[in-house]
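Engineer: Structure, please.
(chains A and B)
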Amino acid sequence: MMAFFNSDLGIVILTLLKSLALIVPLLIGVAYLTYAERKVMGAIQLRKGPNVVGPFGLAQPFADALKMMFKETIIPAGSDRVLFIMAPMITFGLAVIAWAVIPVNDGWAIANINVGILYLLAISSLGVYGIIIAGWASNSKYAFLGALRSAAQMVSYEVSMGFVIVTVLICVGSLNLNDIVMAQQHIWFAIPLFPMFVIFFISGLAETNRAPFDLAEGDTEIVAGFFVEYSAMSFALFFLGEYANMILISATTTVLFLGGWLSPLPFAPFTWVPGVFWFLIKLFACLFVFIWVRATLPRYRYDQLMTLGWKVFLPISLGYLVLVAGVLEVFGWLPNV
Amino acid sequence: MIANILFYIVSAILLTSAVMVVSSRNPVHSVLFLILAFINAAVLFLMAGAEFLAMVLVIVYVGAVAVLFMFVVMMLDVDFVALREGVQRYAPIGAAVGLVLFAELAFVAVSWTISPSATMLRLSPTPTDVTNTVALGSLLYTKYIFLFQMAGAVLLVSMIGAIVLTLRDRNRGKRQDVNVQHARMPVDTMRMVNAKLGQGAEIPAPIEEVL
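Structural biologist: Numbering: from 1, shown residues only, chains lettered A, B, ... in the order given. Predicted coordinates:
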């Protein structure tokens, strides 16, 4: 048996099984995140949220999925058909493949690669294409405006996000996500790098086009932005992609700043709990803040969004990077590689 | 075995998409094929063990440069039918230029010699105890630090040049200053009046520009 799993074919099958074991819970998580969002927002706004389908409305995500499946897919006459259909697939596919490197427990990643964090950055920088292609292929003014907005926004916030990641990396001395988590055994990076943590989280909101930075959708100005022409399953893929991206950004925040699967206190009663549990708790906390922010804050104006990205976050993250590098150098805390 | 098959698949996609970049009629499709070519090149890097280069290729070229390409191409709306009008007239000149370039390349290829030190390098084993990133970093920041800094300086200069060329001091009317806005108090802008019936409140002098 072990010999089989060491052969070429065996490795492929094993990886497929691992991916399945990750993707199925992820998709269920995405489905229930939509439910959680509606419930939490309902509670914040003194409503009940979905409560009709199943006990406490728990079957609501599946009812929505069924509804989406049975709707008609409409492809606009002037659209670029191939790209129009490809765009939601790209968005959703990218949101899922990034998970290949996320370690949910010690060594529990499908691919524990040396450049894990760069892989995450690369995949998230590809995410913008799903949106641009959707906006362009729809051949519609609103969709195009939404796509342009979102492209500019994602490119802008990626810069400060990159600097935040570099700051974490000089504290770790490795690009491997496993090493990044293990470097936080003594203290989570969220504490010494608190400003970076905040900037990363806010940039994450902007990267995922979530409120208060959901200008790409901007219901009040450009209807629904880049996916205004989409219907049925193609719309559902965009929708699911957005939520999968939220979970991904939360997982990245957890790994970079909140100590991944490590227990909050490194002694007995806490260390008995399996790491996956801690990972999920931190993930859910991040997701809750995502939803909380959406229910609380109004949408940013576009020029304010750009000002925030380029004139506030970029200088702060750059300055903090230099500061951290200086402190590490002066006190001789630079990690040995 | 699987690696070999994968290599040929990826190379085939890379070459096909590179051809499609020049032959596709729609410029947006061209850019998309270019992106596909980049990604396949990154996969080839990955298969050769250059993981850092592969990721940086995707982050820099696909994530930043090609997005801007795409932006420009989508916004410009170039009429390619009009551009193709003179193709037959200019074809001989184009062919001549192509021929000259091809001849030059052929000359280079014929007189190409491989330096003996290069073959020696191939014989010496690649160190396996350091990762890609560490190896690149320790070379770039020690042996090639001046070249590296020079490259950075060149980029900085070109960036400043681009800003200088495009920056115009447009008078856009009211400028928003967040600090002033935050410092504003209700007293500065608001006046509570008890309006008398039939007389109303007197109209105050316009508040001097508080913004």
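
Engineer: Run a quick neighbour tally on the nearest residue to B:L136 once chain neighbours are set aside.
Structural biologist: Using CB to CB, 6 or more residues apart in numbering or on different chains and skipping the chain neighbours, the partner closest in space to B:L136 is B:F52 (5.9 Å). All C-beta spots, glycine's among them, are computed from the backbone N, C-alpha and C. Using other CB atoms under 10 Å in any protein chain shown, B:F52 has 21 neighbouring residues.

Engineer: Quick check, pLDDT for B:F52.
Structural biologist: What the model reports as pLDDT for B:F52 is 87.

Engineer: Surely it is in contact with B:V130?
Structural biologist: No. Contact criterion CB atoms under 8 Å: B:F52 and B:V130 do not qualify, at 11.5 Å.

Engineer: what's the neighbour count on residue 31?
Structural biologist: Because you didn't say which chain, this covers chain A. For A:A31, the neighbour count with other CB under 10 Å is 17.

Engineer: The chain in question should be chain B.
Structural biologist: 21.

Engineer: Determine which residue lies closest to the centroid of chain B.
Structural biologist: Closest to where the C-alpha atoms of chain B average out (CA atoms, centre = their mean) is B:V65, at 1.5 Å.

Engineer: gap between it and chain A?
Structural biologist: 11 Å (CB to the nearest CB, to the nearest Å).

Engineer: Double-check that that residue belongs to a strand.
Structural biologist: No. Under DSSP: H, G, I helix; E, B strand; the rest coil, B:V65 falls outside any strand and is assigned helix.

Engineer: how near is it to A:V128?
Structural biologist: Look at B:V65 and A:V128: by CB to CB, to the nearest Å, they are 12 Å apart.

Engineer: same check, this time on A:S150
Structural biologist: Separation of A:S150 from A:V128 (CB to CB) stands at 7 Å.

Engineer: Kindly report the same for B:L44.
Structural biologist: 23 Å.

Engineer: A:A63 now?
Structural biologist: Using CB to CB, one obtains 32 Å as the distance from A:A63 to A:V128.

Engineer: Equivalent analysis for B:E104, please.
Structural biologist: Taking CB to CB as the measure, B:E104 and A:V128 are separated by 39 Å.

Engineer: Neighbour count: those two, which is higher?
Structural biologist: Higher neighbour count among B:E104 and A:V128: A:V128, with 28 against 10, using other CB under 10 Å.

Engineer: Can you verify that one is assigned to a helix?
Structural biologist: Yes. Using three-state DSSP, the assignment for A:V128 is a helix.

Engineer: Count the residues that sit near the residue of chain A found nearest chain B.
Structural biologist: Taking CB to the nearest CB, chain B has its nearest neighbour within chain A at A:S125, 2.7 Å off. Counted with other CB under 10 Å, residues neighbouring A:S125 total 24.

Engineer: again with B:A50
Structural biologist: 16.

Engineer: For burial, what's the neighbour tally of residue 183?
Structural biologist: If you meant another chain, say so; for now it's chain A. Neighbour count of A:A183, defined by other CB under 10 Å: 19.

Engineer: other chain: chain B
Structural biologist: B:A183 has 10 neighbouring residues, counting by other CB under 10 Å.

Engineer: Can you check what pLDDT the model gives it?
Structural biologist: Reported pLDDT for B:A183: 87.

Engineer: If anything else comes up later, I'll come back, but that's it for now.
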